[in-house]
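K.L.:
sequence and predicted model, in that order:
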Protein chains: 2
Amino acid sequence: MSLRYALLALLTVEPMTGYDLYKEFESSVGHVWHAPDSQIYPELRRMEKDGLLEGEEISWGQRGKKRQYHITEAGVEAFRTWMKGTLDYARVRDPAHLKAAYLEWAEPEAARQQMLAHIRHHTELLQQWHDKVREIEEGGSPMLNRRLAKIPPEQRRKTAAFKKFTYEGLIARAEQEIAWANRGLALIDELYAEPEATDLGKS
Amino acid sequence: MSLRYALLALLTVEPMTGYDLYKEFESSVGHVWHAPDSQIYPELRRMEKDGLLEGEEISWGQRGKKRQYHITEAGVEAFRTWMKGTLDYARVRDPAHLKAAYLEWAEPEAARQQMLAHIRHHTELLQQWHDKVREIEEGGSPMLNRRLAKIPPEQRRKTAAFKKFTYEGLIARAEQEIAWANRGLALIDELYAEPEATDLGKS
DNA sequence: CGGCACTAACTATGGACATAGATAGTGGAT
DNA sequence: ATCCACTATCTATGTCCATAGTTAGTGCCG
């Protein structure tokens, strides 16, 4: 159900086509909520049917057409209602930690690779999110700038602050995951340490 | 696809029925990977068809029956193969952070409630996971104890260590989420602080 | 003018999961 | 003897999502 609200959030700034939204999901919003175009187009249709959006055919070039959606009053209302209510949190389902729980089944080298992959993955995310925070701080985010331009000046501080707050949370999470995986690497080293010293003691 | 491997992981300890596995998912493994019975039963059938498990009808009471599954050689092999390979990480899709990015749309009180709900949720998880770590440390986890009893003594240290490592990662994550939500509460207070001082300056 | 990357939108299929409910036996408590 | 909580299994429906196409127009580059 969150896809719907992610789309509404973007459409509170300006009317957009499905393709625009898809592009925005690939870059900015997609860092928080990913969605493929095959999910976006039908959802927009459904939202129009539910009265949250209104679509309009726009011609493009000679024969080209695109469908631009703008949010309705009901759409804004639905978004506000969603913001008011509390989320229900999904049950834990974490492949990386599931696997970590049984690392004794892997060769030490494979176990290390798991941890390195975890670090690599979260380092990439970290990079993206750091870039995003820098962009916000420097006022270089086109979508955010358009949003800020539409709202009264006294609201702008809040709007930018919450965006930054969000990304900083994701950054902290990624850093935590990296730290965990590093502890994992240390643990693997310790558990599979060359047992010479111990053997000497035993023999 | 991870459900399959979560089930295999449990079945490396001992043969179990679908109901046993469902119960285990509700308590121990469910802290890492949740699954409802309606997903477990058909998956077990599929795994049997794929030769990873073998099921056996067992009578229970007068007329009762249950189906107990034990892992096959192919099942163990599949589990090892999964442990060897690397996971592909799912794209980010995080309702809590999506919502946080647009908190300026909520009344300050509603915004605070979001943060408090986040704290409450992760505090509950934290509690569960802390209990789990204590259980592991004190040797009071029935499933883990049966697992440890089945393996050579020199393997036991690793097995227990990886379980503990896993839960500690989840604990660190939950603590991070709580810290983030607390920063959120502070930010809300700051952004919506009584503006007397500023007004005085302006007037 | 032909190729090519991009814009634009949609369809089809299948897996994973939530939610809800159906069915039936067990075993202990009142 | 009956009720109830629990054990045990399965089905049904719908949403979400990944993956992989299909179709068609645009606009620039060589």
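P.N.:
Noted; the coordinates are in hand. Since we're looking at a predicted model, the values are computed, not measured.
K.L.:
now the residue nearest the centre of chain A, what are its backbone angles?
P.N.:
Nearest residue to the geometric centre of chain A (CA atoms, centre = their mean): residue A:32, 1.8 Å. Per-residue torsions, residue A:32: phi -120, psi -40 (degrees, to the nearest 10).
K.L.:
can you map out the strands along chain A?
P.N.:
A:16-17, A:53-60, A:64-71 (DSSP state E).
K.L.:
give the pairing partners of the shortest one; include direction for each.
P.N.:
Listed by DSSP bridges, the sheet partners of strand A:16-17 and their directions read strand A:64-71 (antiparallel).
K.L.:
what comes up buried for the strand it pairs with?
P.N.:
Buried residues in strand A:64-71, counting neighbours by 16 or more other CB atoms under 10 Å in any protein chain shown, are found at A:68, A:69, A:71. From N, CA and C alone the C-beta is placed, and that goes for glycine too.
K.L.:
for residue A:103, give me its contacts.
P.N.:
The neighbours of residue A:103, taking CB atoms under 8 Å, 6 or more residues apart in numbering or on different chains as the test, are A:111, A:114, A:184, A:188, B:83, B:158, B:162, B:165.
K.L.:
what about the fifth one, distance to residue B:158?
P.N.:
For residue B:83, the distance to residue B:158 (CB to CB, to the nearest Å) stands at 13 Å.
K.L.:
one more: the third one?
P.N.:
Taking CB to CB as the measure, residue A:184 and residue B:158 are separated by 12 Å.
K.L.:
what's the neighbour count on the closest residue to residue A:182 other than its chain neighbours?
P.N.:
Using CB to CB, 6 or more residues apart in numbering or on different chains and skipping the chain neighbours, the partner closest in space to residue A:182 is residue A:119 (7.0 Å). Counted by other CB atoms under 10 Å in any protein chain shown, the residues lying close to residue A:119 total 20.
K.L.:
re earlier: ok, the buried residues of strand A:64-71 vs chain B, which is closest?
P.N.:
Closest approach to chain B among the buried residues of strand A:64-71 (CB to the nearest CB): residue A:71, at 12.5 Å.
K.L.:
name the nearest residue to the closest one, ignoring sequence neighbours.
P.N.:
Leaving aside its sequence neighbours, residue A:71 sits nearest to residue A:11 (CB to CB, 6+ apart; 4.2 Å).
K.L.:
can you check residue A:22 too?
P.N.:
In space, and not counting its chain neighbours, residue A:22 is closest to residue A:37: 4.3 Å by CB to CB, 6+ apart.
K.L.:
close to DNA strand C: what parts of chain A are there?
P.N.:
For chain A, the contact set with DNA strand C under CB under 7 Å from any atom of the strand comprises A:17-20, A:23, A:37-38, A:41-42, A:44-45, A:60, A:64-68, A:88, A:90-91, A:93.
K.L.:
tell me how far stretch A:162-175 is from the chain's mean position?
P.N.:
Put simply, stretch A:162-175 sits 10 Å off its chain's centre (CA atoms, centre = their mean, to the nearest Å).
K.L.:
cool, and stretch A:113-128?
P.N.:
Relative to its chain's centre, stretch A:113-128 lies at 15 Å (CA atoms, centre = their mean).
K.L.:
likewise for stretch A:122-141?
P.N.:
12 Å.
K.L.:
does chain B sit close to that stretch?
P.N.:
Yes - with CB under 8 Å from any CB of the partner chain as the criterion, chain B is reached by stretch A:122-141 at residue A:125.
K.L.:
mean confidence score for that stretch?
P.N.:
Mean per-residue pLDDT for stretch A:122-141: 94.
K.L.:
ok, now stretch A:12-30?
P.N.:
pLDDT averaged over stretch A:12-30 gives 94.
K.L.:
quick one: low-confidence parts of chain A?
P.N.:
A:194-203 (pLDDT under 70).
K.L.:
so what are the domain limits for it?
P.N.:
A:2-84, A:95-198 (automatic domain parsing).
K.L.:
mind putting these in TSV, distance to residue B:49 included?
P.N.:
Formatted as TSV, the domains of chain A follow (distance: least, CB to CB, whole Å):
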stretch	distance to residue B:49
domain A:2-84	30
domain A:95-198	23
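K.L.:
how close does residue A:77 get to chain B?
P.N.:
Distance, residue A:77 to chain B, by CB to the nearest CB, to the nearest Å: 11 Å.
K.L.:
DNA strand D versus that residue, what's the distance?
P.N.:
18 Å (CB to the nearest atom of the strand, to the nearest Å).
K.L.:
which one of the strands of chain A lies closest to residue A:97?
P.N.:
strand A:16-17 (37.2 Å; CB to CB).
K.L.:
does the closest one come close to DNA strand D?
P.N.:
No - using CB under 7 Å from any atom of the strand, strand A:16-17 never reaches DNA strand D; the gap is at least 12.8 Å.
K.L.:
what's the longest helix anywhere in chain A packed up against?
P.N.:
Counting by DSSP state H, the longest helix found in chain A is helix A:153-191. With contacts defined as 3 or more CB pairs under 8 Å, 6 or more residues apart in numbering or on different chains; DSSP states H and E, the secondary structure elements packing on helix A:153-191 are helix A:108-137, helix A:142-150, helix B:95-100, helix B:153-191.
K.L.:
out of those helices, which one sits most buried?
P.N.:
Of all those, helix B:95-100 has the most neighbours on average by mean count of other CB atoms under 10 Å in any protein chain shown, namely a mean of 22.
K.L.:
how about residues contacting that one?
P.N.:
The contact list for helix B:95-100, computed with CB under 8 Å, 6+ apart, reads A:2, A:5-6, A:9, A:32-33, A:82-83, A:87, A:89-90, A:162, A:165-166, A:169-170, B:114, B:118, B:184.
K.L.:
also within reach of DNA strand D: list those from those residues.
P.N.:
Contacts with DNA strand D within those, as defined by CB under 7 Å from any atom of the strand: residue A:2.
K.L.:
now for residue A:139, how many residues are close by?
P.N.:
That count, for residue A:139 with other CB under 10 Å as the rule, works out to 10.
K.L.:
if we can go back for a sec, now distance to residue A:53 too, for the helices and strands packed on helix A:153-191, in TSV please.
P.N.:
Compiled in TSV, these are given as follows (distance: least, CB to CB, whole Å):
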stretch	distance to residue A:53
helix A:108-137	27
helix A:142-150	18
helix B:95-100	18
helix B:153-191	30
